Structure formats: C-alpha cells, structure tokens
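A.B. asks: What shape does this take:
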Amino acid sequence: MNVWHSVRTALISIWTKKTRSFLTMLGIIIGVAQIIALIGLGNGIKKDIATEISQLGSNILIILPGKLQNSQGDLNPAASVGTSTITEADLLAIKQIPDVIDNTPLGLIPVVPTVGTVQAQGTMVIGAESSFFEYMNSYKLVSGRFFTTAESGQKSKVIVLGKESRTVLFPDLDAAAVIGKAVMLGKSEFTVVGTIEAVETSSLFSGGGSSGSVGMAMIPFTTAKELNPNVQIFRAAVKATDTADIKVVSKAIQAKLDELHGTNDTTVFTQDDILKIVDKILSLITTAIGALGAIPLLVGGIGIMNIMLVAVTERTREIGLRKALGATFWHILVQFLTESVVLSLFGGAVGVAIAKIASIIVKQKSDLTILVDWQAILIATLFSLGVGVIFGLAPAIRAAKKDPIDALRYE
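C.D. replies: Presented below is the predicted three-dimensional model:
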C-alpha cells in the first residue's frame, strides 16, 4: 500500500466523522497556536530591542561600573550595585586611546524639576557633556537647542526637557512656548533652552513620547557638580571613529580602566555585547514559556490516542477483512498511523493560521510584535508530526496485531 493511498484513506475517515475529528484536533490547534505565538512574541521582542540598540550607532560604547559579565559572558546585574568607580580622570585617559573621538560622563542628580507648586516626579535629571546629544539617535530635538560646549564650560544653569517632564511642568504650553521658561532644581533656577522627545517607532521599548514613560531632563555635567559635588558617573558613553574595529577599541578601553583602577571593576559594552546578553536572556525565557505552551499539545495528543483507539474498535471487522485479503501487519500499521499523523498535521496547520492572523491583529492594535517566521512554523510542524506519531503508534500497533479470524467475528 503506497503512501498516497494511506493518506487518501485517512482523509476519507476524517471527513466521514468531521465533528469528532475537529474536536480531536482542537488540543493540537490550541497547542500549536500557543507555541507559535510565544516563540513569535519572543522573536518580536528580540527584534524590537535590537532595533533600539542599533539606534545607538555601531561606533558607540557604554562604560558601566562593576564587573557585569563573568568569564562565560553571563550577566551579573548585582555587580553594578554600590559606589561607581568611574572618574573624570578615567575619561580623560580614554580620550587618548587611538580611534576614540570623544566621550561623555553621565551623572544622575537626585532633584525633582519644579515649576511653582508643580513637580515632575520620577524625572531622571542627567548631567552630561554637550557632545552627548550627538549620540542620542533615539531622541530628536523638538524645539530650541541643546546646551553648548561654552555653556558647559561656564557651568551655565540651562536645561533640556524631555516631552514627559515638559507636559507635566507646562501642561498648557506647546514645545516652542516652553523655551526661555524657568525650572527649579532644588534652590537653583534653570532656563529651558530646548525640548526633546523619543523618536517614534513601532517598538514596545521605545519611549515614543508616551505619557506613561519616565521623564528626562538634561543639564551640563559641570553644572551638575555644582548642584551636587558628590555626583557619581553612573555610566559613560564613548564614541569611536566609523572605521575603527569596535572590539579592539573596547578591549583597549577595558585595559586602560583596569590599569588605572588596579582591578577589574568596570564593564565596557559594545552594541554586539548588549545584543548577545539580551538574546541569551530572552532565549531562556522563550524556551521556558514555550515548554509550558507544549502542555496543550500533550492533551491534544492524548485526545488523538483516545479517538484512534475508538476508531480501531469501530473498524475491527474492516481490519479483519483487509487482513483476510492479504494486508500485512505493516499495511495496517501504516494506515492507522497515517490517519493519526494527518489528524495532527491538520490541527497544526490550523494552529499556524490562527497564530498568523493573531499576530496581524496584535500588530495593528498594539506595539507588540509577534514574529511568525519559517523557523516557528517548522518547529510547530515538527511538534505536530511528533505528536501524531507518538500518540498514534500504540493504537496503530493494536490494530495491526489483531487476529483476522477474531476480527471478522467481531460484532
């Protein structure tokens, strides 16, 4: 008996009992749709984060305090807890490294921007050099300007507001009207010289200027030290030449910091380093969630086994007749196993279609991306095939082992 005849027989059997076949496939449909959706969501998140990180530019490096990676490259966030050891002297030394164009410290100032009685709670007030605005590819200038190198050198009290902070402090004014207005940081009055907002993207991880994101305000780093002499550099950004080998520059910076500190207490991240860490974390999460999503497939497989055992009992006389006419053990085995596999694959195909439709709807209604690619479809197909074979094998063997004489006598 050829494969096509087995498939044709299986399709006739499934079509004859459409309702029962659909209910049997339901567990497979739900399981496959769930697995594809979860894998697709994980892949979509990876893609969104990669897009956000790539906006930094391939020639931008980030220095953070603490040894955040072990020898295996695993992330240890707890290492960043504590006092930062990054100093301005470190940044001056880094500027002397070949292929390094510029760098800027980033310091957090624990103050709340205030206008009258209105406070922009939750705003991150960051001290930076004027050159940092050249790195901010994920933000755009909306009105006014950035503070200048001269203003930074003069410790000028100027401030650039993010959209969230601006709308809280000046709810009745547009971005252009805010320029020149006064904002209090502690007891010091700052003049607004510009406003920025996040570049709009379809990514869930872009600020997008939404009111729900954390506000930001930026002032010159020199001015930040005037407000808080103990301000720490919680991270630093380094810009290399476009033609530089970023890995070589990264190693040179790390070596210089280790030399200056006498210990390995900082971490230099390139874009690729960040992407690898994010990919590793999300892959683990996706695998774990995908494993949970396989539970409906197990239930669906049990349903297939149950219905195939019923089918074997219902078709006992047919099995006896076929064996009497010359059908072998393998003929019967292949027939029932094919029916189980076809049932499972049909359920898998419907599950893939549902997941694809769901991904389109989710994309239109939210910022989430469910990436249904050929790899996810291949995984779902293999799962469906495996379920069909594993749970259909026992009923098929039971059918193939039936004695033709006993089977023909069965009522």
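A.B. asks: C-alpha coordinates for the strand or helix carrying Lys251, PDB please?
C.D. replies: Lys251 is part of helix 246-261 when elements are defined by DSSP states H and E. Only the C-alpha atoms of helix 246-261 are listed here, as PDB (Å, rounded to 0.1, in the frame of the first residue of the first chain):
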ATOM      1  CA  ILE A 246      34.900  48.400  17.800                       C
ATOM      2  CA  LYS A 247      36.100  45.200  19.500                       C
ATOM      3  CA  VAL A 248      39.700  46.400  19.500                       C
ATOM      4  CA  VAL A 249      38.700  49.800  20.900                       C
ATOM      5  CA  SER A 250      36.600  48.100  23.600                       C
ATOM      6  CA  LYS A 251      39.500  45.900  24.700                       C
ATOM      7  CA  ALA A 252      41.800  48.900  24.800                       C
ATOM      8  CA  ILE A 253      39.400  50.900  26.900                       C
ATOM      9  CA  GLN A 254      38.900  48.000  29.300                       C
ATOM     10  CA  ALA A 255      42.700  47.500  29.600                       C
ATOM     11  CA  LYS A 256      43.200  51.200  30.300                       C
ATOM     12  CA  LEU A 257      40.500  51.200  33.100                       C
ATOM     13  CA  ASP A 258      41.900  48.100  34.600                       C
ATOM     14  CA  GLU A 259      45.300  49.700  34.600                       C
ATOM     15  CA  LEU A 260      44.000  52.900  36.200                       C
ATOM     16  CA  HIS A 261      41.900  51.200  38.900                       C
END
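A.B. asks: For that helix, name the packing helices and strands.
C.D. replies: Applying 3 or more Cβ pairs under 8 Å, 6 or more residues apart in numbering; DSSP states H and E, one finds that helix 246-261 makes contact with strand 60-65, helix 88-94, strand 233-240, strand 266-269, helix 271-293. All C-beta atoms are positioned from the backbone trio N, CA, C, and that covers glycine.
A.B. asks: how about 7 Å then?
C.D. replies: Under the contact criterion of 3 or more Cβ pairs under 7 Å, 6 or more residues apart in numbering; DSSP states H and E, helix 246-261 touches strand 60-65, helix 88-94, strand 233-240, strand 266-269.
A.B. asks: and these as a markdown table, adding distance to Lys256, mean pLDDT and mean neighbour count?
C.D. replies: Listed next are the helices and strands packed on helix 246-261 as a markdown table, based on distance: least, Cβ to Cβ, whole Å; pLDDT from 0 to 100; neighbours: other Cβ atoms under 10 Å:
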| stretch | distance to Lys256 | mean pLDDT | mean neighbour count |
| --- | --- | --- | --- |
| strand 60-65 | 11 | 88 | 21 |
| helix 88-94 | 6 | 92 | 16 |
| strand 233-240 | 11 | 89 | 22 |
| strand 266-269 | 10 | 88 | 22 |
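A.B. asks: Throw these into TSV and include distance to Gly40, thanks.
C.D. replies: Formatted as TSV, the helices and strands packed on helix 246-261 follow (distance: least, Cβ to Cβ, whole Å):
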stretch	distance to Gly40
strand 60-65	30
helix 88-94	41
strand 233-240	33
strand 266-269	28
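A.B. asks: and of the ones you listed, who's closest to Ala128?
C.D. replies: Proximity to Ala128 (Cβ to Cβ) singles out strand 233-240 among those, at 8.2 Å.
A.B. asks: Alright, that wraps it up for me.
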